[in-house]
Structure formats: C-alpha cells, structure tokens
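Trainee: my questions concern the predicted model and sequence given below.
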Amino acid sequence: MSDKAFDCMSCGACCFSRNPRYLKLLPWDASRALPPDGLFSENGETYVKFECGHCVHLNLSNCKAACSVYENRPEACRAFRAGSFECVKAIRANGIMGERARAVPEVVA
Ligand code: SF4
Ligand code: SF4
C-alpha cells in the first residue's frame, strides 16, 4: 500500500471488535491454512477467535498492528479494502491500532 493514510501494517482498525463472532469463515476459506487453535465453531459456523478486543492473529508490537497469518487471512479480511467506506468507518470507530476500541472507560468514583 502506498497511501500512508491507510497503512494496514500500522493500523489494524478493522481487526478490532468486542464481538466474538466478528469474523466468520466463508466457503473460500476451506483451503486456507489457518491455525486450528485460532478458530472456534458454533451452530455449524466457524469463526476466528477474538480476544482482548481484537483478532488473535493481530500482532501488536513495535508500534505496528500486523496480521500474523497474512498469506492465509480469511476471505472477509481480503475483501476489506484500504481506503474503502468500511475501512474509514473502522478507523473512525476504533482508531489506529484500535486505540479507541481498547480504551478502558473511566470509572467515576
Ligand atoms: S482499517 Fe483500513 S487501513 Fe486499517 S488495517 Fe483495515 S483496511 Fe487497512
Ligand atoms: S486474520 Fe489478520 S487481517 Fe483478518 S482480522 Fe485477523 S489480524 Fe486482521
């Protein structure tokens, strides 16, 4: 990606969600080598695990937000285009590296 405003390797906004069923596998994912321990099944559907508010495959280190299974990432992730309406919406909702999604709400004493 050339546009610094949409740098997927330091953003990761679309990889954050508090919904544990945010990322469902689709028929096209059957041949993809996703680690089995990063998946769970429910009611006949298979999902990628989300923990601590983000996908278990999101590597948050060195001020980056990198997908650790990029070559085998699910179809839904491939369809998520940088700079698209959905991308801008995710950045607005979650911020760079999910800063808003991960923010702990202030407790009023
Ligand atoms: S929200 Fe957009 S820029 Fe950020 S990682 Fe996803 S596709 Fe890339
Ligand atoms: S598989 Fe990769 S691109 Fe898809 S949500 Fe997880 S970290 Fe993001």
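Mentor: All right, it came through fine. Numbers count the residues shown, from 1 in each chain. Ligands and ions are numbered 1, 2, ... in the order given.
Trainee: how close does the residue nearest the centre of the chain sit to Cys67?
Mentor: Centroid check for the chain by C-alpha atoms, centre = their mean gives Cys15 as the closest residue, at 1.5 Å. Using C-beta to C-beta, to the nearest Å, one gets 7 Å for the distance from Cys15 to Cys67. C-beta here means a position set from N, CA and C on the backbone, and glycine is covered the same way.
Trainee: give the residues shared as contacts by those two.
Mentor: Counting by C-beta atoms under 8 Å, 6 or more residues apart in numbering, the residues touching both Cys15 and Cys67 are Cys55, His57, Leu58, Cys77.
Trainee: report the buried residues of the lengthiest helix in the chain.
Mentor: Ranked by number of residues, the top helix in the chain under DSSP state H is helix 85-94. The neighbour-count check on helix 85-94 (16 or more other C-beta atoms under 10 Å) flags Cys87, Ala90, Ile91, Asn94 as buried.
Trainee: what do you get for stretch 12-21?
Mentor: With burial defined by 16+ other C-beta under 10 Å, the residues of stretch 12-21 counted as buried are Gly12, Ala13, Cys14, Cys15, Phe16, Ser17.
Trainee: and that stretch, C-alpha only, in PDB?
Mentor: Included here for stretch 12-21 are C-alpha records, laid out as PDB according to Å, rounded to 0.1, in the frame of the first residue of the first chain:
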ATOM      1  CA  GLY A  12      -5.300  -2.800  12.200                       C
ATOM      2  CA  ALA A  13      -8.500  -0.900  12.900                       C
ATOM      3  CA  CYS A  14     -10.600  -3.500  11.100                       C
ATOM      4  CA  CYS A  15      -9.100  -6.300  13.200                       C
ATOM      5  CA  PHE A  16     -10.600  -5.000  16.400                       C
ATOM      6  CA  SER A  17     -14.100  -5.900  17.700                       C
ATOM      7  CA  ARG A  18     -15.600  -6.900  21.000                       C
ATOM      8  CA  ASN A  19     -18.000  -9.200  19.100                       C
ATOM      9  CA  PRO A  20     -16.600 -12.700  19.500                       C
ATOM     10  CA  ARG A  21     -18.300 -13.700  16.200                       C
END
